Each structure stands twice: as C-alpha cells, then as structure tokens.
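Asks: Just to be clear, the model below is a prediction. Sequence and coordinates:
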Protein chains: 2
Amino acid sequence: MRQFSEKDINSLDKIYRLNLINSITGYKSANLIATQSKAGNTNVAVFSSITHLGSDPALLGFILRPTTVPRHTYSNLKDTGIFTVNHISSDIISDAHHSSAKYPESVSEFDMTDLEVEFKYNYPCPFVKNAPVQIACEYQNEYPIKENGTLLIVAQMKTIYLQDKLLQEDGWVRLEDGNVVSINGLDGYALPKLLERFDYARPKKI
Amino acid sequence: MRQFSEKDINSLDKIYRLNLINSITGYKSANLIATQSKAGNTNVAVFSSITHLGSDPALLGFILRPTTVPRHTYSNLKDTGIFTVNHISSDIISDAHHSSAKYPESVSEFDMTDLEVEFKYNYPCPFVKNAPVQIACEYQNEYPIKENGTLLIVAQMKTIYLQDKLLQEDGWVRLEDGNVVSINGLDGYALPKLLERFDYARPKKI
C-alpha cells in the first residue's frame, strides 16, 4: 500500500493534490445543473457533488466552491430560486466536461457545446434535452462550510422526469439502462454496470 | 418520459418513494465507515453519501440520518473524534451491504460478515482489511440540516492508504484498477469502467 501522511498531503504540488484528493473519496455522481438568469441567459455546468439528503421531503444537496470568482450557477439559482439536475449519459461526456470551461456570463454553454436546451410546460428554467433523468429543483437553504468556505446548497426535487425504461416496478431507477455515468476525480468519466441488487439487510441470528 | 409531479411524489407508497428518490440523484460513492467505541467495540457500516468537500485542507463530508434511533457510527466518532473510510470493491459487496443490518451496539459487524478488521501502527480505529483505499479521518464539525433533521459531518483526511497500482503519475487515483464499486439507490451495486479522462476544460474562441 502507498501511504500519504498529513505532512505528505500538505507538501504535495497543487495539481497533484487536486487530482489525489478529488479522486480518493470514490466515484461521484455526474450531473449537469442548468439555470437561467433573470435576463434570460441560460447556463449549464457539470457537478459531481450532488448527494441524496432524504426522501420525505425529496431533498438533494450539492457543494459550491467559494464565491470569490463568478459562479453563474449560484447567482442564477439565488436570483430565480430554481435549477434543474440532468444526468450525464455516456454519449455526452465530452460536451458535459467542456461545460466546466470558464465562459463569460453572457455566453451560454449550450451554445458552445452540442448540449441542447429544452424547455417544458413554461417552466422558467432549462433542462438538458435527452438527458435520461431530469429533475426540476427548488432552492431551500444554504449552509456555509466554515472549514473551507464552500457552500452546501439544499434543494427540494419538485418534478422528476425519467426515461420510462429506467423505472422499475418498485420505484427503483436502473441507471445503467440510461447509460448514466459516474465521475472519477476531476476529469475521469466511467460507465457502471450493475453487479447485484440486494434485499433489505436483516440481522443474522447471534 | 415518465413524470412525477410534487403531488405524485408526496402520494407515493413509502417504500416506492424510498427506492425512487434514493436512486434518482445518480450513482453514489460506496464506502465502509469503521469506528471503535471507547469500550473497544468495533463497528462498520456502509455509507453512500461520502462527498469530496475540498482539497486544501483535504476534507470530506457525509450525511447521517436523524439520531432518533441508535447510530453507532455517530456515537463512536463523536466519542473518539476519528473514523476510517474504506472503499467497497466488487468482491465484498454482499458483506458490505449486510453491514447495514441493525445489530446491537455490543455486536461488531466485523464478526457477522467476512469483512476483516485491520489495525495499523497503533492507530486506535479499525480499517477494513484489503480495501483498495483506506482513509484515516478526523471529525471537524457537523451541520444540522434543518430541512429534514439530517446531519452533515465534515472531516479531515489525515492519512491515506491506497493500493500502489491505483496511483497514477499525476496523483489521480484510477478507481477501476481496485474494482471499486458505486451504489445505485439503496441496494444496487455497480462496477464502473473508465470511458475517458479529459484535459482541463478551456473556453473555445467565441
């Protein structure tokens, strides 16, 4: 086993540390968050920190980096109170990754990639067309993480759209059937294949 | 596309909603958190909410469900201030899942599964033996999420152990080479295969 002590971690080159620490916690979710400014400019950006927070109410959270540089996703969702979460499938990983490039606020990542914008039922926030799962979310709260100046955004899932073939009889969503990917570190995209689904774990007799 | 409105989500059967909402945010990390009580009882439990929070300092977070029922992981990490994060590889998914069964505090999940305990260098907290990645963590803070009564635990990664073959020249950890899995919902375990690793995304000329 290779070992990194606290002292080793602290003395790493910045890029090396970014790669190591971003990939060491395991696979991450792969989503595009789409927003629209009050002026009507659309924005889409890749996020790998979206986490299930609870089922009743249906809540998710994600982490935003410090607001010391412009973060269009954050300013739009604060201004409008809404955003959408769209799953990244294997056919759009290159465009999804490119959405992390830093463009001015007036430039939509939808125009700079082959990602297509979709509006549904007059909902004033874009979705990513053809994403296997699309979730309309409403901002609820934010928690400043004082240990490093990041923000945990908490949001409620208001409307869920998913490809019919993904939905199983008991409500479980078979992500594999939408070719949904997961992220390894900052820049690795991987396609999971289901190994097994288990029953609810009950204690063995002691 | 299948659609669930807010009203649909609220009126779902409890188990159906648990399955749907737990799997709709995408693939999740797959980790075993191991702790030890002050009395020396070991505990290990599966978690799917561990998220990278930042690289400098090296921070991770995870979500704990309400403390209305005994949560041995939480009481141990509060008492001792430390815990370990151990990646789940494809060969231990059945035992890892079984660690979610509710045993009394005096019973170690290490004894009720084939998961093996490992102690290193007198560090007073167990690791899961043969896990491809093992991280010794120190509790930093907790943030109560008032929207649903969960807790975000923030911890610093103090020492990292990983199989040599996983570590790439630039610090990136190739999780695939450790057969690290990801979790789909409450009970699905999937094995990701790397599709591509991209360069840092720079804006195209406008």
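Replies: Alright, I've got the coordinates.

Asks: check contacts around residue A:101.
Replies: For residue A:101, the contact set (CB atoms under 8 Å, 6 or more residues apart in numbering or on different chains) comprises A:109, A:112, B:201, B:202, B:203, B:204. Heads up, the C-betas are built off the backbone N, CA and C, glycines and all.

Asks: Show me the strands in chain A, by range?
Replies: Per DSSP state E, chain A carries strands over the ranges A:2-4, A:28-29, A:31-36, A:42-47, A:51-55, A:58-64, A:82-87, A:117-118, A:127-128, A:133-145, A:150-162, A:182-184, A:188-197.

Asks: Tabulate those in a markdown table, adding columns for mean neighbour count, distance to residue B:17 and mean pLDDT.
Replies: A markdown table is the format used below for those (neighbours: other CB atoms under 10 Å in any protein chain shown; distance: least, CB to CB, whole Å; pLDDT from 0 to 100):
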| stretch | mean neighbour count | distance to residue B:17 | mean pLDDT |
| --- | --- | --- | --- |
| strand A:2-4 | 16 | 41 | 98 |
| strand A:28-29 | 28 | 19 | 98 |
| strand A:31-36 | 25 | 21 | 97 |
| strand A:42-47 | 21 | 24 | 95 |
| strand A:51-55 | 23 | 5 | 97 |
| strand A:58-64 | 24 | 8 | 97 |
| strand A:82-87 | 25 | 18 | 98 |
| strand A:117-118 | 16 | 26 | 98 |
| strand A:127-128 | 24 | 22 | 98 |
| strand A:133-145 | 20 | 14 | 98 |
| strand A:150-162 | 22 | 11 | 97 |
| strand A:182-184 | 27 | 23 | 98 |
| strand A:188-197 | 19 | 17 | 98 |
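
Asks: Dump these into TSV; add distance to residue B:168 as well.
Replies: Formatted as TSV, the strands of chain A follow (distance: least, CB to CB, whole Å):
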stretch	distance to residue B:168
strand A:2-4	11
strand A:28-29	17
strand A:31-36	25
strand A:42-47	21
strand A:51-55	26
strand A:58-64	24
strand A:82-87	27
strand A:117-118	36
strand A:127-128	30
strand A:133-145	28
strand A:150-162	26
strand A:182-184	11
strand A:188-197	10
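
Asks: In a markdown table, list those along with distance to chain B.
Replies: As requested, the strands of chain A are arranged in a markdown table below (distance: least, CB to the nearest CB, whole Å):
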| stretch | distance to chain B |
| --- | --- |
| strand A:2-4 | 4 |
| strand A:28-29 | 4 |
| strand A:31-36 | 6 |
| strand A:42-47 | 9 |
| strand A:51-55 | 4 |
| strand A:58-64 | 5 |
| strand A:82-87 | 6 |
| strand A:117-118 | 10 |
| strand A:127-128 | 10 |
| strand A:133-145 | 5 |
| strand A:150-162 | 4 |
| strand A:182-184 | 4 |
| strand A:188-197 | 4 |
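
Asks: Figure out which of those is closest to residue B:142.
Replies: Nearest of the strands of chain A to residue B:142, taken as CB to CB: strand A:133-145 at 10.7 Å.

Asks: strands paired with the closest one, and their directions?
Replies: strand A:82-87 (antiparallel), strand A:150-162 (antiparallel) (DSSP bridges).

Asks: what angle separates the longest one from strand A:58-64?
Replies: For the pair strand A:150-162 and strand A:58-64, the angle between their directions (axes from the mean of the first three to the mean of the last three CA atoms, to 10 degrees) equals 140 degrees.

Asks: now the first one
Replies: Computed with the same axes, to 10 degrees, the direction of strand A:82-87 lies at 90 degrees from that of strand A:58-64.

Asks: And the strands of chain A: which comes nearest residue B:192?
Replies: Closest among the strands of chain A, using CB to CB: strand A:188-197, at 3.6 Å.

Asks: now the closest one: how far from the chain's centre is it?
Replies: Distance of strand A:188-197 from the chain centroid (CA atoms, centre = their mean, to the nearest Å) equals 17 Å.

Asks: what helices or strands is that strand leaning on?
Replies: Applying 3 or more CB pairs under 8 Å, 6 or more residues apart in numbering or on different chains; DSSP states H and E, one finds that strand A:188-197 contacts helix A:93-98, strand A:182-184, helix B:93-98, strand B:182-184, strand B:188-197.

Asks: Reformat the ones you listed as TSV; add distance to residue A:16.
Replies: Listed next are the helices and strands packed on strand A:188-197 as TSV, based on distance: least, CB to CB, whole Å:
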stretch	distance to residue A:16
helix A:93-98	20
strand A:182-184	16
helix B:93-98	30
strand B:182-184	24
strand B:188-197	15
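
Asks: closest to residue A:194 out of those?
Replies: Of all the helices and strands packed on strand A:188-197, strand B:188-197 comes closest under CB to CB, at 4.8 Å.

Asks: Using PDB, write down the CA coordinates of that closest one.
Replies: C-alpha atoms of strand B:188-197 as PDB (Å, rounded to 0.1, in the frame of the first residue of the first chain):
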ATOM      1  CA  GLY B 188     -27.800  -1.800  -6.200                       C
ATOM      2  CA  TYR B 189     -24.100  -2.200  -6.500                       C
ATOM      3  CA  ALA B 190     -22.400  -1.400  -9.900                       C
ATOM      4  CA  LEU B 191     -18.900  -1.700 -11.200                       C
ATOM      5  CA  PRO B 192     -17.700   1.300 -13.300                       C
ATOM      6  CA  LYS B 193     -15.400   1.000 -16.200                       C
ATOM      7  CA  LEU B 194     -13.400   4.100 -17.300                       C
ATOM      8  CA  LEU B 195     -14.600   5.600 -20.600                       C
ATOM      9  CA  GLU B 196     -12.300   8.600 -20.800                       C
ATOM     10  CA  ARG B 197     -10.200  11.100 -18.900                       C
END
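
Asks: Given that strand, what are its sheet partners and their directions?
Replies: Going by DSSP bridges, the partners of strand B:188-197 are strand A:188-197 (antiparallel), strand B:182-184 (antiparallel).

Asks: if I pick residue A:124, what's in contact with it?
Replies: A:36, A:80, A:82.

Asks: got a pLDDT number for it?
Replies: Looking at residue A:124, its pLDDT is 95.
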